[in-house]
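In: Sequence and predicted structure below; questions after.
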Amino acid sequence: MRYELMDYQRSAAIDVLNRLARARRDWAEGERSSFALSAITGSGKTVIATAAIEATLFGSADLGVDPDPSATFLWITDDPALNRQTRNRMLDASDLLAPKTLVEIDDGYLNAELRANRVYFLNIQKLSKSSRLTQSGTNLRQASFWDVLTNTISSGTTTLYLILDEAHRGMKRVADRKTIVQRLIHGEPGSNPPVPVVWGISATIERFTTAMGETPDRTGYPHVSVDIDKVRTSGLVKDEIGLEQPDEKGTFSTTLLRDAVKTTLNFEQRWAAYSATEGEPLVLPALVVQVPDKADEDKLGEMVS
């Protein structure tokens, strides 16, 4: 890892690795399993997951594990942008996970199965009935993704770990049909078998826990839960976040933005004065503004001005 793990992150990564090792042994005997990594937003869930995945694929003396040459991970979300973000974070955090190891599955995926020593990213929209990925005989594809999944699970040479990122999504029951996520977990008669190991990652995992508890042929391991007090002690998560919103009716987003800009400029002036007085390098504060999805140029221009 390029990042030095904080104590709670290292402890959580080791706990995840212990569950993955147990799941691998259970699957060798035909037993399916599931567990979840639960941690507050901002605590570094992706970093923890990256450390566990890197150690599984390449081994780690620090985390006390040998490489598993049969392992492959299928990372599922309902947002392609989240997949790309996660992939980029993994590339930043790991010095062993190369771009060719982190594969985005799209309509152009032609292999008959998922290869070992890979992390595959897939958003569930790609598995809709109308998607080419779920059909065979299209775009040079000889096997649908459900065939790919079946081939991978039944190969006997690959241990497939399904990772549900933000696992509270996609778990809600839908009348008379299974959601795509549930089809991945539980399988579909005549189509695809259940995945061997399910690993959920989320800050809120109640639905995941409920869904796994309703599965009679899958062992649920104790979840890996990160203690919020340890995260606070690390400084990554604050004890309190203040939110301001006027009571009266109106549009106040630019008012609050202007106030934030004034505060940032004040920081800039104070740092400049300090640097000049103390002979220290200049510190230039940065203001980060979160904008709506697909914000138009006029809106962005208004914010900048």
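Out: That came in fine, so what should we check first?

In: hey, let's count contacts and neighbours off CA atoms from now on
Out: OK.

In: looking just at contacts, which helices and strands does the least confident helix or strand in the chain by mean pLDDT meet?
Out: Here the helix or strand of the chain ranked lowest by mean pLDDT, DSSP states H and E is helix 206-213, holding a mean of 76. If contacts are counted by 3 or more C-alpha pairs under 8 Å, 6 or more residues apart in numbering; DSSP states H and E, helix 206-213 sits against strand 218-220.

In: List the strands paired with the strand it packs on, with their directions.
Out: strand 32-38 (parallel) (DSSP bridges).

In: okay, the partner strand in PDB with CA atoms only?
Out: Output in PDB follows, covering the C-alpha atoms of strand 32-38 (Å, rounded to 0.1, in the frame of the first residue of the first chain):
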ATOM      1  CA  ARG A  32     -21.500 -20.200   0.800                       C
ATOM      2  CA  SER A  33     -21.000 -17.300   3.100                       C
ATOM      3  CA  SER A  34     -21.500 -13.500   3.600                       C
ATOM      4  CA  PHE A  35     -20.300 -10.700   5.800                       C
ATOM      5  CA  ALA A  36     -20.100  -6.900   5.800                       C
ATOM      6  CA  LEU A  37     -17.700  -4.100   6.500                       C
ATOM      7  CA  SER A  38     -19.500  -1.300   8.300                       C
END
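
In: who touches it?
Out: The contact list for strand 32-38 (C-alpha atoms under 8 Å, 6 or more residues apart in numbering) reads 16, 19, 23, 26-27, 45, 195-205, 212, 217-226.

In: Filter those down to the buried ones.
Out: 16, 19, 23, 26-27, 45, 195-205, 212, 218-220, 223-224, 226 (16 or more other C-alpha atoms under 10 Å).

In: quick one, what contacts the residue nearest to residue 193 when sequence neighbours are not counted?
Out: Once flanking residues are discounted, residue 193 sits nearest to residue 187: 4.4 Å by C-alpha to C-alpha, 6 or more residues apart in numbering. By C-alpha under 8 Å, 6+ apart, the contact set of residue 187 is 193-195.

In: Nearest to residue 39 among those?
Out: residue 195 (24.0 Å; C-alpha to C-alpha).

In: distance of the closest one from residue 271?
Out: For residue 195, the distance to residue 271 (C-alpha to C-alpha, to the nearest Å) stands at 55 Å.

In: Tell me where the longest helix sits in the chain.
Out: Assignment by DSSP state H gives helix 253-278 as the longest helix of the chain.

In: May I see the buried residues of it?
Out: Buried residues in helix 253-278, counted by 16+ other C-alpha under 10 Å: 264-265, 267-268, 271-272.

In: Show me what counts as buried in the least confident helix or strand of the chain.
Out: Using 16+ other C-alpha under 10 Å as the test for burial, helix 206-213 gives 207-209, 211-212.

In: Taking strand 32-38 as reference, get the angle to it.
Out: With axes from the mean of the first three to the mean of the last three C-alpha atoms, to 10 degrees defining the directions, helix 206-213 sits at 170 degrees from strand 32-38.
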